[in-house]
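Asker: need a structure here:
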Amino acid sequence: MALIEISDEILGTFVPIAVYWLYSGMYMLLDGWDEYRLHPKGEEYVKNVVSKRTVVKGVLVQQAFQVAIALLLFKIIGDETGTAPTQPSTAVMIVQLLVAMLVMDTWQYFIHRYMHINKFLYKHIHSKHHTLVVPYAFGALYNHPLEGLLLDTVGGALSFLVSGMTPRTGIYFFSFATVKTVDDHCGLWLPGNVLHLFFQNNSAYHDIHHQLYGSKYNFSQPFFVMWDKILGTYMPYTLETRKEGGLEARPVKMD
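Answerer: Modelled structure (predicted):
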């Protein structure tokens, strides 16, 4: 029996969604490791004002929009070229991935920061994401649909187009971006996390942003912290052990 061939465009659309739920599921299995939590377990139920069921529904809505836009984008590109793109060399692919990361970081930093500066956008759009004061893994993409469309979907499309990557490379890029986003919202600081070796933008860094004292800092996501440092919105932190157990990312006072 012949195997069904699935196009890179279809894989690039649906693999990151599968990665999102599988990687989030892994973190939920580790949720009982209280010694590595950035917040005591009880705070999740006290400070977060939406249920996990509501969060799941919200994420699924955003992912439905992502699927629609991705399929439309791939169709337009396919109609224009008429042929399947040739996969570039490894060196070229690495450059494309780096360009895509920089484009996504730049887009998300400025849109994200503006959503905090503009009181109307924050109140009616971005505040939905900040209802998760205590972040957890599968809440990473819990946003207002308009924010999800503008910040993530449009940002992803720009990263794809500007970098010139192929749909196959897009599978790797969007899957990794998904892993990184989930990791930054997981609410845990696990020892040996290899992502912490390469990226300062991590779960503790982003947890600072989700707290009231850090809402005007640490806008960068999902990869680097360069725009925060360049534009003065960088809030450093130290990881301290809580008396009641677990860890806490505490801001360091800046001069």
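
Asker: longest helix anywhere in the protein?
Answerer: Among the segments of the chain that qualify as a helix by DSSP state H, the longest is helix 52-81.

Asker: buried sites along it?
Answerer: 55, 58-59, 61-63, 66, 69-70, 73-74 (16 or more other Cβ atoms under 10 Å). Just so you know, the C-beta spots here come from the backbone N, C-alpha and C atoms, and that holds for glycine as well.

Asker: do you have the strands of the protein handy? List them.
Answerer: Secondary structure of the chain, counting by DSSP state E: strands at 237-241, 247-251.

Asker: among these, which comes closest to Leu197?
Answerer: The closest approach between Leu197 and any of the strands of the chain, judged by Cβ to Cβ, belongs to strand 237-241 at 15.2 Å.

Asker: ok, and what's touching the closest one?
Answerer: Around strand 237-241, the neighbours that count as contacts under Cβ atoms under 8 Å, 6 or more residues apart in numbering are 189, 204-205, 208, 247-252.

Asker: what is the nearest of those residues to His116?
Answerer: Within those, proximity to His116 (Cβ to Cβ) peaks at Ile208, which comes in at 13.6 Å.

Asker: need the pLDDT of that closest one.
Answerer: Among the per-residue scores, Ile208 shows a pLDDT of 95.

Asker: kindly report the same for the one 4 residues further on.
Answerer: We have a pLDDT of 86 for Leu212.

Asker: can you tell me which of the strands of the chain is most buried?
Answerer: When neighbours are counted by mean count of other Cβ atoms under 10 Å, the highest per-stretch mean among the strands of the chain falls to strand 247-251, a mean of 18.

Asker: what separates that one from the chain centre, distance-wise?
Answerer: Centre-to-centre, strand 247-251 and its host chain are 21 Å apart (Cα atoms, centre = their mean, to the nearest Å).

Asker: for the stretch 101-250 of the chain, which segments count as helices?
Answerer: Read by DSSP state H, counting those that start in this stretch, the stretch 101-250 of the chain holds these helices, from start to end of the chain: 119-124, 145-147, 154-163, 167-184, 195-198, 203-210, 226-231.

Asker: just to revisit the earlier point, closest one to Ile117 among the strands of the chain?
Answerer: Sorting these by Cβ to Cβ, the top spot, which is the nearest, belongs to strand 247-251 at 20.1 Å.

Asker: would you turn the contacts of strand 237-241 into JSON lines with distance to Val92?
Answerer: Supplementary listing: the contacts of strand 237-241 in JSON lines, determined by distance: Cβ to Cβ, whole Å:
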{"residue": "Trp189", "distance to Val92": "36"}
{"residue": "Ala204", "distance to Val92": "34"}
{"residue": "Tyr205", "distance to Val92": "31"}
{"residue": "Ile208", "distance to Val92": "36"}
{"residue": "Leu247", "distance to Val92": "41"}
{"residue": "Glu248", "distance to Val92": "43"}
{"residue": "Ala249", "distance to Val92": "38"}
{"residue": "Arg250", "distance to Val92": "43"}
{"residue": "Pro251", "distance to Val92": "41"}
{"residue": "Val252", "distance to Val92": "40"}
